[in-house]
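**Student:** coords below, sequence missing:
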């Protein structure tokens, strides 16, 4: 049997479940997940190895109308994922009306010849008799290759939807080489994933604008084999002194909780004991400064 391989973009508006879907597809957590919108800032690569197929997934920032320099970069990242791929997974929320943002995304498909699979996520949040009219409405806007209702909730057995999705993707992929070895599930460096895990905990524990005003840089990543230990030092960058105070918290309590939660996930990822040191610094208006954004890895 011939070997198939190819690239698949996962796109959609903010907070529709793209990162959750990627993690389920891979069986590994590489993309951070939060109920807050616009969590993903970079185009994240995940690799699914099957017996006769290798699928390279691209998880992207939520597509939205951009204003700040950071948001403009995120939009460019997302739209660039429509190029040079073999298929697109377009995710929407079943409990959200088809608004201008969704129509903006659908209109972008009309200039490409790549097959688009529509995944209607969060079907657990609507009445069953509302699903077929929603499918009909989307079908009238674009000729999707397939439309799959799914639920990425852990307690809703997402694997039964995933098998169908993988089956469709494999049929769309061309014959091709194995781009990556069998034993890796992402091409992202460990430092990047560690920084994303720390950022996820900030999303979990803080409110309002704080998560969106933070960027994490791993400044030291040192393995000490003789101690079976990995030492990591990371900076949490914020825009204002008041935000720094919130991240640190009363008597350092918030920073300690962020560090504890992050360390546990990092240890699972790396399979080793981790010593994690966090500190907070102010970089004024970093979300609007092209040079600082480049320094932080948002190219």
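**Tutor:** Received, thanks. On a predicted model such as this, the values are computed, not experimentally measured, just so you know. Numbering: from 1, shown residues only.
**Student:** sec struct for the closest residue to residue 16 other than its chain neighbours, please.
**Tutor:** Distances taken as Cβ to Cβ, 6 or more residues apart in numbering place residue 91 nearest to residue 16, at 4.5 Å, with adjacent residues excluded. Every C-beta, even on glycine, is put in place using the N, C-alpha and C of the backbone. For residue 91, the assignment made with DSSP: H, G, I helix; E, B strand; the rest coil gives strand.
**Student:** how many residues are close by residue 91?
**Tutor:** Using other Cβ atoms under 10 Å as the criterion, residue 91 is surrounded by 23 other residues.
**Student:** surely it and residue 19 touch.
**Tutor:** No: contact status for residue 91 versus residue 19: not in contact, 10.2 Å apart, counting by Cβ atoms under 8 Å.
**Student:** got any ranges where the stretch 101-250 of the chain has weak pLDDT?
**Tutor:** Low-confidence segments of the stretch 101-250 of the chain (pLDDT under 70): 154-159.
**Student:** quick one: the strands in it?
**Tutor:** Defined through DSSP state E, counting those that start in this stretch, the strands belonging to the stretch 101-250 of the chain, from first to last, are 116-121, 146-149, 215-224, 229-238.
**Student:** hmm, back to that, tell me the contacts of the residue nearest to residue 16?
**Tutor:** Taking Cβ atoms under 8 Å, 6 or more residues apart in numbering, we find residue 91 in contact with 10-12, 16-18, 21, 119, 121.
**Student:** let's see 10 Å
**Tutor:** Contact partners of residue 91, counting by Cβ atoms under 10 Å, 6 or more residues apart in numbering, are 10-13, 16-18, 20-21, 62, 105, 117-122, 150, 152.
**Student:** which of those are buried?
**Tutor:** Buried subset of the contacts of residue 91 (neighbour count, 16 or more other Cβ atoms under 10 Å): 10-13, 16-18, 20-21, 62, 105, 117-122, 150, 152.
**Student:** among the residues you listed, which ones are in helices?
**Tutor:** Among these, the members falling in helices are 18, 20-21, 105 (criterion: DSSP state H).
**Student:** tell me the mean pLDDT over stretch 285-299?
**Tutor:** Stretch 285-299 comes out with an average pLDDT of 76.
**Student:** neighbours around residue 177, how many?
**Tutor:** Using other Cβ under 10 Å as the criterion, the residues surrounding residue 177 number 8.
**Student:** measure it to residue 202 for me?
**Tutor:** Counting by Cβ to Cβ, to the nearest Å, the gap between residue 177 and residue 202 amounts to 39 Å.
**Student:** contacting residues for the most far-flung residue of the chain relative to its centre?
**Tutor:** In the chain, residue 226 marks the outermost C-alpha relative to the chain mean, sitting 34.7 Å out by Cα atoms, centre = their mean. With Cβ under 10 Å, 6+ apart as the criterion, no residue contacts residue 226.
**Student:** for residue 191, see how far away it is.
**Tutor:** 22 Å.
**Student:** quick check: chain neighbours aside, which residue is closest to residue 55?
**Tutor:** Ranked by Cβ to Cβ, 6+ apart and with sequence neighbours excluded, the top spatial neighbour of residue 55 is residue 48, at 4.3 Å.
**Student:** now that neighbour: which helix or strand?
**Tutor:** Here residue 48, judged by DSSP states H and E, is contained in strand 44-50.
**Student:** so what does whichever helix in the chain runs longest touch, helix or strand wise?
**Tutor:** In the chain, with assignment by DSSP H, the single longest helix is helix 253-270. Under the contact criterion of 3 or more Cβ pairs under 10 Å, 6 or more residues apart in numbering; DSSP states H and E, helix 253-270 touches helix 190-205, strand 215-224, strand 229-238, helix 241-248, strand 273-282.
**Student:** among the ones you listed, which comes closest to residue 169?
**Tutor:** Residue 169 lies closest to helix 190-205 among the helices and strands packed on helix 253-270, at 23.8 Å (Cβ to Cβ).
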